[in-house]
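here's a sequence, model it:
(chains A and B)
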Amino acid sequence: NAGVTQTPKFQVLKTGQSMTLQCAQDMNHEYMSWYRQDPGMGLRLIHYSVGAGITDQGEVPNGYNVSRSTTEDFPLRLLSAAPSQTSVYFCASSWWTGGGYTFGSGTRLTVV
Amino acid sequence: DAKTTQPTSMDCAEGRAANLPCNHSTISGNEYVYWYRQIHSQGPQYIIHGLKNNETNEMASLIITEDRKSSTLILPHATLRDTAVYYCIVRVASGGGADGLTFGKGTHLIIQP
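Here you go, the predicted model:
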């Protein structure tokens, strides 16, 4: 049982490049979500999903796309990277009966 | 979601109980109180949650006042590894928030040797 796995752990992009941050969980959790954390700040919700095929926007969705084709995977796509997207990205999942979210270890993204 | 208010920072001596307060005066009847912590550079970690009864697990205890307008997270014997930012979040029950979590600034707890 690996929990929530995020890849890559570190990434450097050039402005305008696109990439996908991967998130996978092996706990059969229905709820998944993506957050970004800027230096010295709290986490902000980007997108979330309540099940396969269902996604919705969070607080800061601009510049990001998501899809949820399976229960296990919830990738986050950066369409055209900008320096303002330099941040640490966390993925999390939860079971509907509660018990809190399990977070991944994060992807540290730098856009130059 | 109900708004929460936490102190910005707190100190506690190693081995003593750390008591972290949280005010949530606008909490609704179907909202739970959740606590998470984030140790430097790591992903947040779920600690405990409760509705109105006091709760205890292997990590901590959660004391919720009778009117549910405030709560206290208690780490009974704090260690240096408990130094972290602690977040109090109020959410409806299912999954601790189907539509994600709203994090405030939290309390930076520093355990002193």
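
any stretches of the chain with poor pLDDT?
Going with chain A. Low-confidence segments of chain A (pLDDT under 70): A:1, A:96-99.

my bad, the chain I had in mind was chain B
Within chain B, the segments meeting pLDDT under 70 span B:1-2, B:93-97.

who is the residue minimising distance to the centre of it paired with across the strands?
Compute the mean C-alpha point of chain B, and by CA atoms, centre = their mean the closest residue is B:Trp35, 3.3 Å away. Beta bridges link B:Trp35 to B:Ile48, B:Cys88 when assigned by DSSP bridges.

tell me the secondary structure for B:Val33?
Here B:Val33 is strand, with the state taken from DSSP: H, G, I helix; E, B strand; the rest coil.

that one is in contact with B:Val90, isn't it?
Yes: at 5.8 Å, B:Val33 counts as touching B:Val90 under the criterion of CB atoms under 8 Å. Any C-beta I mention is one placed from the backbone N, CA and C, and that applies to glycine too.

identify the contacts common to those two.
B:His24, B:Ile27 (CB atoms under 8 Å, 6 or more residues apart in numbering or on different chains).

how about the residues of chain B near chain A?
Counting by CB under 8 Å from any CB of the partner chain, chain B comes close to chain A at B:32, B:34, B:36, B:41-47, B:49, B:87, B:93-106.

so for stretch A:5-23, first residue to last residue, what's the gap.
Across its full length, stretch A:5-23 reaches 6 Å end to end, with CA to CA, to the nearest Å as the criterion.
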